[in-house]
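>>> Quick one: sequence plus predicted model below, questions after.
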Amino acid sequence: MVAVHLVGTHGQYDKIDVETIQVSKFIQVRPIRCKEDYRYVLARIDYLLPFDYDTPESDELYVLSLIVADYEDKHHAIEPPDPSESRR
């Protein structure tokens, strides 16, 4: 789940498309629906890592990181270790 805080009028809020949230004029955020989307977002994150903090790029990096974390929790969950395995 991703929460986006919108500062604007009720009219602007009513025009938000549920599938695509425009975080800023530079960022289009879409859900990860398949492995190809996942790989694209990871490549985009890699591209955004060098940018300075408090820029539109760092904002995009933050939002994409939340989306990837959610996707990975659902599709690549790491199971807790088996306690009997740790005794070996």
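Ah, there it is.
>>> Spatially nearest residue to R44, not counting backbone neighbours?
Nearest residue to R44, sequence neighbours excluded (Cβ to Cβ, 6 or more residues apart in numbering): L64, at 6.2 Å. Any C-beta I mention is one placed from the backbone N, CA and C, and that applies to glycine too.
>>> residues near the one you found, how many?
When neighbours are defined as other Cβ atoms under 10 Å, L64 has 20 of them.
>>> swap in D82?
There are 8 residues near D82, going by other Cβ under 10 Å.
>>> picking that back up, just the element for the residue nearest to R44, please.
Counting by DSSP states H and E, the element that carries L64 is helix 56-75.
>>> by contact count, what packs against that helix?
If contacts are counted by 3 or more Cβ pairs under 8 Å, 6 or more residues apart in numbering; DSSP states H and E, helix 56-75 sits against strand 21-24, strand 27-29, helix 35-48.
>>> list the contacts for I32?
Y38, V41, I67, V68, Y71 (Cβ atoms under 8 Å, 6 or more residues apart in numbering).
>>> so when I look at it, I'm seeing a helix, right?
No. With DSSP: H, G, I helix; E, B strand; the rest coil as the criterion, I32 is coil rather than part of a helix.
>>> all numbers from here: first residue = 24
Understood, numbering begins at 24; the last thing we discussed is I55.
>>> Grab the nearest non-local neighbour of it.
Sequence neighbours aside, Y94 is the residue nearest to I55 in space, at 4.4 Å (criterion: Cβ to Cβ, 6+ apart).
>>> That neighbour and D75, how far apart?
26 Å (Cβ to Cβ, to the nearest Å).
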